[in-house]
Each structure stands twice: as C-alpha cells, then as structure tokens.
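Q: Below is the structure, and that's it, no one-letter string:
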Ligand SMILES: Nc1ncnc2c1ncn2[C@@H]1O[C@H](COP(=O)(O)OP(=O)(O)OP(=O)(O)O)[C@@H](O)[C@H]1O
C-alpha cells in the first residue's frame, strides 16, 4: 500500500496548522538538543587533552562546568520537546478523532450496517492513536536525526579524515541494511492490527447483545469463539514480535561492529601519534552517538509503515460518502405536517450492478416496500398494521430519511422530503421506538438530549401537561436522577414515558409511535395512553400498532403485507365493512403480529 506523499502533507497541514506555534517550539527544542549533543563531547575531549597535557585547574574546572551546564540544558530541551510533542500529538489526534466520529455519525445506516461498532471503535480510536506519533514526531524526528547523523559525521571528518570516512561508510551500510530489513516486520504487524480489529469488533458486538446471549444460552458458543480468536491472535503476535526482535538483534550486532571499527581506527591513529587521547575518546563517543540517529530513523520509518496502514484506513472511512444527499433548502411549514407516499419502491439491498441506474434496482424478491401509496392529511392519525417483517418500521425510517427510496415520491408538509435539510427533518419528525435508547446521564439530559438551551421550567411544564409530574416526583432526585448504563432500574414503561417527553420537547409536526409490544402495568399504560393523546393533539401521527386496541384513535388504517398495501382506508368505514380485513381482525381480536 503506497500512499501518495501529498496525503501525508495534507493530513499534517490540516491538523498541525492550528498549532503552528507549538510545532515551531517543538522543532526549536529538538534541534537545540541535537546541536548540544554534538557540542558536549568536544568539551570532554578538550578536558581529557588538557588533563593529559597537565593544563591548569582553572581550564579543567571551566570545561567541567561548561560540560555540566550543557548536559543540563540538553535535558531541559528534551523535556520541552517531549512536552510539546505530546501536546501536539494529543491535540491533532483528538481533532482527527472528532472529525472521524462526526463523519461516521453523518453516514447513512447502510454504512453502519456494514461495519460492526467494535470495528468503528478500532478505526476511530486504534488507528487514530497510531497516528499520534506521526503528528508529533515522525517528520521532525526523521529530519532532526538526519541532521544529527550528518553533524556527527562532519565533526568526525574534521577530527580525523580516516576516522570520518570509515565511520561514514559504516553509517551508510548500517542504515541501508536496517532499512532493507525493515520490511520483515511490516506484514506481521499488519496481520496483528487486522486481528486486533476483528477482536474488538467481536467484543463490541457481543457486549451489546449480552442479554440475548445469556437468555438464549449462547454463552458457551460465544466463549468458544472468543478463545478461537485469542488462539489466532497469539501466533500472529509472536510472529510480529519475532520479526521486531530480529531487527533489534541486527542493530545491536551492527553497532558492536561500529564500536570495534572506531576502537581499531582510534588505536591505529593513536599508535601513529596522529591523534590525541581526547580525539580518540571523541571518535569512540561519536561512534556511540551514531547509533541513536540510525536507530531512530529506522524506527520512525518502520513506524511509517504502520502509520501508512492507519492513514489508509482512516482515509477509507473519511472518503465514504453518505448515500443520503443533504442539499435541500426547503423549510417545513409550522404545525401538523401532511404525509404522502406515492408509488414507493424500497429495498435495503442495492445490487452490485455495474450500471449505476440498474444498480439502484435489486432483485425482485428483495423489495421491502412495493408500490406503496397513501395520503395522510395534516392532523390525522394513521394506524399501521401488519405482520412482523411486513415493512412498518421501514416506513418510519424512510420518513426520517435514515435511508432513501429507490423509486417513488415521499412528500412531507407538501414538499419533497429530499428537499428538506436533514437536521430540520429530524427536528420536525418525532419517533418513539420500542427500543428506547437511554444514556448514562441525568433524567434531564436524557429528556433534552443534552441540549442546555431547554430550561427546566419547560421540561417540568411538559411533564405536568402529560400528567407525568407524579412520576417525576417518584424519582429519587427528580430531574437530577442519574440513569446508569442499564437505565438504572427504569421499567420498559418508564423508558417509553421518557421517550414520549423527549419527542414532546422537540414539538414535532409528525409523530411516529412504534408501539411497545411488551405488556405494561395498567397504571403505566394509562399514563402512556394519556401522554400519547396529548402528544398527538394538533399533530399528524403514525402509530405502528402491535395491539388492536391502540388503533382506536386512528383516522386511517393501513394494513401491510410483505411490503404491499393489503388494505387502506378510513378506520370507521373499514370497521363497518364486514368483509374488510380490519373488521375481521377486530372481530377475532387476534393481535396484529400473530394474526395478519
Ligand atoms: N437494516 C436492514 N437491512 C436489511 N433488511 C432489513 C433491515 N431492517 C429491516 N429489514 C428487513 O425488511 C423487512 C421489513 O422490516 P421492518 O422492520 O420494516 O418490519 P416491521 O413490519 O416493522 O416488523 P416488526 O413488527 O417486527 O417491527 C424485514 O424483512 C426485515 O428483515
């Protein structure tokens, strides 16, 4: 996988530009510490030569003080570089993480269907984490260590040409060998990251479904798959570590050879009286110092391989475009919104046909809604009935534009739904599903969806209007009651109540209620009934009914079967037609989901 150079540049520019000052500070701190690392051995060399020649104590003391001061200053610059590097890395990765999370949230549901939550977690967190070094250090370290390497070799050439040339040759050979071997570790580490993504995907998916797993006795099956994954993971990790160890051992071996060359050259030159003892020390010291930039350059370039894979995956996600266009600029009228479905064809599956026009049309058996039409005037209520899987919830998803249709026209408030900006649409259409999503937060935040603009008075008034004030008083800390991860003891009915208040606070023009099929206690059920009546007043409503008694408030009835209209009409007219399906359902009193 080769990423064009431009992509690295644009990523760095996007995320480092806002912290220009810090990046410049980081570069200064790193370069200063490099220069000081080259200067300090010179002082030590001078100290040795002065001591051997029996120089004055004052010179020796001066050299010792200068050496200590420079060593201290080097540490100060190192600390500053580490601090700035970490700050730059965290700020840049956090900004990227936010962008990535916001992008994923904007994508349509088909994207989320294709990627497990754990996999997305690994993208948004794992891959972005891997990029932190890239932002803070990679470029500066490669450049900085390149300069350090060139500096050391230049100083060595000045000290003694033979030593300089032989160690330059050594540096070239060592660097090429280490860079050549670098590819050894690339593929094992790519395998490692792949299996780690799979592992977190597996964990995320199964933690979310833990209740079902336990209830259905699938714990052993899940644990077996868990162990299987771990069993696959270990050898992959061992291979990757082994490759890295081979690289490490090679570099240790190489630097031992480097030291041997330095010692041999120094010994030879000293025996020829060509250098002083101080210079011999300098050659040895600089050779040792060579190890650091060579190692760092190798490490950074190895890191670049992992970074490359992470950038590639992050880009892949960022390049996914939502299938839902959000170009519309038409506003919805205030008040209750009329709804019209005209010859709607919809499928969750889009075929992989090469021709984009034909790709829109899946195989006939895959249509979820087929040629569906109905018109619901503003302020009226539609009761939606049908067997499980007949397409009722799909209608709700289409009205919120979680998916787009393949053919037909959906109008809301008199205009095409696709022309309404998504944020406005989702503000004006309220949906209460059976599966109420609650957050680990206070009741207030759960009701307002963390919108601090909604004052407590409005919330309390809404609860009062809906007849829920006594319910609120029954909570230990009222609006400040904290709900835990498992909704902290809220019953299904109470969760439904919360969801109704949430929708009420949005003041939508269309309310869609996916009725809870679970049995509620009579008291909660009465509260919910009362809340629903208030919620539907002066609003258009669609009730996905699982029990026949709930459709008594509907003006129209639509019975779906396999995505097609089985029966549609005015509720009282249908109820009075003895042969209508609705009248038969009323007569037998069989639940909609069971009877059909
Ligand atoms: N995200 C999805 N991807 C693919 N197919 C889906 C998806 N959601 C639903 N379906 C399929 O579409 C069909 C209609 O589903 P839908 O949820 O609309 O039914 P429903 O009438 O609301 O059922 P229920 O009463 O059980 O909620 C079903 O066959 C279902 O398997």
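A: Yep, that arrived. Values in this document were obtained by computation on a predicted structure and should not be read as measured data. Numbers count the residues shown, from 1 in each chain.
Q: mind checking how far residue 124 is from residue 204?
A: 12 Å (C-beta to C-beta, to the nearest Å). C-beta here means a position set from N, CA and C on the backbone, and glycine is covered the same way.
Q: More neighbours: which of these two?
A: Taking other C-beta atoms under 10 Å, residue 124 and residue 204 do not tie; residue 124 has more neighbours (20 against 17).
Q: Name the nearest residue to the more buried one, ignoring sequence neighbours.
A: Leaving out its chain neighbours, the residue that sits closest to residue 124 by C-beta to C-beta, 6 or more residues apart in numbering is residue 100, at 5.0 Å.
Q: Correct me if wrong: that neighbour contacts residue 126.
A: No - taking contacts as C-beta atoms under 8 Å, residue 100 lies outside contact range of residue 126: 11.4 Å.
Q: At which residues are the strands of the stretch 201-350 of the chain located?
A: Applying DSSP state E, counting those that start in this stretch to the stretch 201-350 of the chain gives strands spanning 339-346.
Q: Revised request: answer the last question for the chain.
A: Secondary structure of the chain (DSSP state E): strands at 339-346, 369-376, 381-386, 407-412, 415-416, 429-432, 510-514, 540-544, 556-561, 564-570.
Q: ok, residue 100 and residue 126, which is more surrounded?
A: A side-by-side neighbour count of residue 100 and residue 126, using other C-beta under 10 Å, places residue 100 first with 19 against 16.
Q: contacting residues for the more buried one?
A: Residue 100 is in contact with 123-124, 128, 314, 317-318, counting by C-beta atoms under 8 Å, 6 or more residues apart in numbering.
Q: from the residues you listed, which is closest to the ligand?
A: Nearest to the ligand out of the contacts of residue 100 is residue 317 (C-beta to the nearest ligand atom; 19.8 Å).
Q: So for residue 30, which of the strands of the chain sits nearest?
A: Closest approach to residue 30 among the strands of the chain (C-beta to C-beta): strand 429-432, 53.8 Å.
Q: so what strands line up beside that closest one?
A: Using DSSP bridges, strand 429-432 pairs in its sheet with strand 510-514 (parallel).
Q: how about the strand it pairs with against the ligand, any contact?
A: No - counting by C-beta under 6 Å from any ligand atom, the ligand is not contacted by strand 510-514; separation bottoms out at 7.1 Å.
Q: ok, the residue in the stretch 1-150 of the chain positioned nearest to the ligand to residue 96 distance?
A: Nearest to the ligand in the stretch 1-150 of the chain, going by C-beta to the nearest ligand atom, is residue 113, at a distance of 5.3 Å. Distance, residue 113 to residue 96, by C-beta to C-beta: 25 Å.
Q: Could you list the buried residues of stretch 114-126?
A: Using 16 or more other C-beta atoms under 10 Å as the test for burial, stretch 114-126 gives 115-116, 118-120, 122-124, 126.
Q: Let me fix that, I meant to ask about stretch 330-343.
A: Buried, per 16+ other C-beta under 10 Å, within stretch 330-343: 330, 332, 336-341.
Q: same deal with stretch 421-428?
A: For stretch 421-428, using 16+ other C-beta under 10 Å, the buried residues are 422, 425-426, 428.
Q: can you check stretch 439-458 too?
A: Within stretch 439-458, the residues that count as buried by 16+ other C-beta under 10 Å are 442-448, 454.
Q: From one end of it to the other, what's the distance?
A: Length of stretch 439-458, first residue to last, C-alpha to C-alpha, to the nearest Å: 21 Å.
Q: what is the mean pLDDT for that stretch?
A: Summarised as a single mean, pLDDT over stretch 439-458 is 86.
Q: check contacts around residue 214.
A: Applying C-beta under 8 Å, 6+ apart, no residues contact residue 214.
Q: circling back to that earlier point, in helices, which of the buried residues of stretch 114-126 fall?
A: 118-120 (DSSP state H).
Q: Using TSV, lay out those residues together with distance to the ligand and pLDDT.
A: What follows is these, written out as TSV (distance: C-beta to the nearest ligand atom, whole Å; pLDDT from 0 to 100):
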residue	distance to the ligand	pLDDT
118	18	71
119	17	73
120	16	76
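Q: In CSV, list the residues you listed along with distance to residue 535.
A: Below are these laid out as CSV (distance: C-beta to C-beta, whole Å):
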residue, distance to residue 535
118, 36
119, 37
120, 34
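Q: how near is residue 546 to residue 390?
A: 12 Å.
Q: sorry, back to before: among the buried residues of stretch 421-428, which two are most distant?
A: The widest separation within these (C-beta to C-beta) is 11.1 Å, between 422 and 428.
Q: ok, for residue 580, nearest residue in space, not its chain neighbours?
A: Nearest one to residue 580, counting by C-beta to C-beta, 6+ apart, is residue 574 at 4.6 Å.
Q: low-scoring stretches of the stretch 1-150 of the chain, by residue?
A: The model of the stretch 1-150 of the chain has pLDDT under 70 over residues 1-5, 137.
Q: tell me which parts of it are close to the ligand?
A: Counting by C-beta under 6 Å from any ligand atom, the residues of the stretch 1-150 of the chain close to the ligand are residue 113.
Q: ok, and for stretch 197-217, which residues are buried?
A: Of all the residues in stretch 197-217, those buried under the rule 16+ other C-beta under 10 Å are 197-204, 206, 213.
Q: Which of these fall in helices?
A: 197-204, 206, 213.
Q: Show me the domain layout of the protein.
A: Here the chain is described, according to automatic domain parsing, as comprising the domains 5-319, 380-406+417-438+490-588.
Q: So what's the gap between the first one and the chain middle?
A: Meaning domain 5-319. From the chain centre to the centre of domain 5-319 is a distance of 25 Å (C-alpha atoms, centre = their mean, to the nearest Å).
Q: Also the shortest one?
A: Once both centres are worked out by C-alpha atoms, centre = their mean, domain 380-406+417-438+490-588 turns out to sit 33 Å from its chain's centre.
Q: gap between the two ends of it?
A: Per C-alpha to C-alpha, the first residue of domain 380-406+417-438+490-588 is 26 Å away from its last.
Q: check contacts around the residue nearest the centre of the chain.
A: Among the residues of the chain, the one closest to the centroid is residue 124, at 2.7 Å (C-alpha atoms, centre = their mean). With contact taken as C-beta under 8 Å, 6+ apart, residue 124 is in contact with 97, 100-101, 104.
Q: can you rerun that using 6 Å?
A: By C-beta atoms under 6 Å, 6 or more residues apart in numbering, the residues touching residue 124 are 97, 100-101.
Q: Just put the residues you listed in CSV and tack on distance to residue 45.
A: Below are the contacts of residue 124 laid out as CSV (distance: C-beta to C-beta, whole Å):
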residue, distance to residue 45
97, 49
100, 52
101, 55
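Q: Do a quick rundown of the helices in the stretch 201-350 of the chain.
A: Ranges of helices within the stretch 201-350 of the chain are 210-215, 219-271, 277-319, based on DSSP state H, counting those that start in this stretch.
Q: for the second one, packing partners?
A: Same thing as helix 219-271. helix 161-181, helix 183-208, helix 277-319 (3 or more C-beta pairs under 6 Å, 6 or more residues apart in numbering; DSSP states H and E).
Q: now for these, which one comes closest to the ligand?
A: helix 183-208 (15.2 Å).
Q: could you give the angle of the closest one to helix 277-319?
A: 40 degrees (axes from the mean of the first three to the mean of the last three C-alpha atoms, to 10 degrees).
Q: near the ligand, which residues of the stretch 251-400 of the chain?
A: Contact residues, the stretch 251-400 of the chain versus the ligand (C-beta under 6 Å from any ligand atom): 348, 368, 386, 388-394.
Q: which of those count as buried?
A: Burial by neighbour count, judged by 16+ other C-beta under 10 Å, picks out 368, 386, 390-394 from these.
Q: Quickly check those residues for the two that are furthest apart.
A: Of all pairs drawn from these, the widest gap by C-beta to C-beta lies between 368 and 386 and measures 11.9 Å.
Q: roughly how far apart are the residue nearest to the centre of the chain and residue 134?
A: Counting by C-beta to C-beta, the gap from residue 124 to residue 134 is 16 Å.
Q: before we move on, what about residue 13?
A: If you go by C-beta to C-beta, the gap between residue 13 and residue 134 works out to 13 Å.
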